[in-house]
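Asks: Sequence and predicted model, in that order:
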Amino acid sequence: MIWILDITMLFFLVVCAIAAISIKDLLSAIIILSAYSLIMAVVWVEMHSVDVGFTEAAVGAGITTVLFIATLARTEGRSED
Amino acid sequence: MTGIVDIVYAEYNYWIYVTLMMIGFYAMIAKKNLIKKIIGANIFQTAIFLFYISLADITGGTAPILVGGHGGEHVEHAADVIYTNPVPHVLILTAIVVSVSTTAVALALIIRIYNEYGSLDEDVILAARKSLQPEFSEYARQKDVAEVNHQ
């Protein structure tokens, strides 16, 4: 475990989580959530959990984002909070 | 005092996991927009996954793939290798798939709610429900029409 890489990634993880829930434009929030998932995948690969890492990169950052954007196309893209 | 510093420093993954979990929990409770609530649920889930993966990691360990298993040149050192625990990895692999399924069901329900009420805001939906009482839903209206036609 490379601890400086680990701490940097975990810091960006918290920043992305706070940004994803506080931003008002929902498309931006979803894209930030996708970046969050990708950083999480990097953290897991770095902790020697390679299978979970690339499943998260494919499923968490890929399919979840597609599902969210498909929902957004059928509803409204603006949030009040 | 050094004990506390040691705990904070040595187990920083756990502190981050608790922080992320509370961020997700706050979004699920306090945000009015339904999509924001689902985003919070996703953050909550991945925080729990992070906890499990941190639990499995061993200092000096390597990925749980058999060293020399394919008959390479390092077979003689294979017994000295430390692997990280693969059991939590398998659990979380299943949990990721479940997490995507629950997200998909929740988003399908959100599309249905939007078609019914024309909004994703919790307050607007609750106000619409109150003003349309007692028979507010599409299903109840259709049932009413069907009963009237039947009579």
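Replies: Sure thing, it's come through. Here the structure is a predicted model, which means the values were calculated and not measured.

Asks: Could you count how many residues lie near residue 8?
Replies: Just so you know, I chose chain A. One way to gauge burial is a neighbour count; for A:Thr8, by other Cβ atoms under 10 Å in any protein chain shown, it gives 13. (Each C-beta comes from the backbone N, C-alpha and C, glycine too.)

Asks: You answered for a different chain; I wanted chain B.
Replies: Around B:Val8 sit 11 other residues, with neighbours defined as other Cβ under 10 Å.

Asks: mind listing what A:Leu50 touches?
Replies: No Leu there; residue A:50 is Val. B:63, B:65 (Cβ atoms under 8 Å, 6 or more residues apart in numbering or on different chains).

Asks: which phi and psi does it have?
Replies: Listed backbone geometry of A:Val50 is phi -70, psi -40, with angles given as degrees, to the nearest 10.

Asks: I'd guessed B:Val97 sits against A:Val59; true?
Replies: Yes. Contact status for B:Val97 versus A:Val59: in contact at 7.0 Å, counting by Cβ atoms under 8 Å.

Asks: Tell me the spacing between the one residue sitting closest to the centre of chain B and B:Pro64.
Replies: To find the centre residue of chain B, average its C-alpha atoms and take the closest one (Cα atoms, centre = their mean): that gives B:Gln45, at 2.7 Å. With the distance defined as Cβ to Cβ, to the nearest Å, B:Gln45 ends up 23 Å from B:Pro64.

Asks: And the pLDDT for B:Leu20?
Replies: Per-residue confidence at B:Leu20 stands at 94 (pLDDT).

Asks: secondary structure element for it?
Replies: Remark: B:Leu20 resides in helix B:12-30, with elements defined by DSSP states H and E.

Asks: Can you tell me which helices and strands that helix packs against?
Replies: Using 3 or more Cβ pairs under 8 Å, 6 or more residues apart in numbering or on different chains; DSSP states H and E as the contact test, the elements touching helix B:12-30 are helix A:3-22, helix B:34-56.

Asks: Is chain A within reach of the longest one?
Replies: Yes. Counting by Cβ under 8 Å from any Cβ of the partner chain, chain A has neighbours in helix B:34-56: B:35-36, B:38-40, B:42-43, B:46, B:49-50, B:53-54, B:56.

Asks: Based on its surroundings, how many neighbours for the residue lying closest to A:Val14 once chain neighbours are set aside?
Replies: Distances taken as Cβ to Cβ, 6 or more residues apart in numbering or on different chains put B:Thr19 closest to A:Val14, at 5.8 Å, once the chain neighbours are dropped. Residue crowding around B:Thr19 was assessed by other Cβ under 10 Å; the count is 16.

Asks: State the mean pLDDT of the lengthiest helix in chain B.
Replies: Secondary structure of chain B per DSSP state H: the longest helix is helix B:87-117. Helix B:87-117 shows a mean pLDDT of 93.

Asks: And for stretch B:62-74?
Replies: For stretch B:62-74, mean pLDDT is 72.

Asks: could you pull out the helices for chain A?
Replies: Secondary structure of chain A, counting by DSSP H: helices at A:3-22, A:26-46, A:50-55, A:64-74.

Asks: Tell me which of these sits most buried.
Replies: helix A:26-46 (a mean of 21; mean count of other Cβ atoms under 10 Å in any protein chain shown).

Asks: Contacts for that one, please.
Replies: Counting by Cβ under 8 Å, 6+ apart, helix A:26-46 makes contact with A:1-2, A:5-6, A:9-10, A:12-13, A:16-17, A:19-21, A:23, A:52-54, A:56-57, A:60-61, A:64-65, A:68-69, A:72, A:76-79, B:33, B:35-36, B:39, B:42-43, B:46, B:49-50, B:53, all of which sit outside it.
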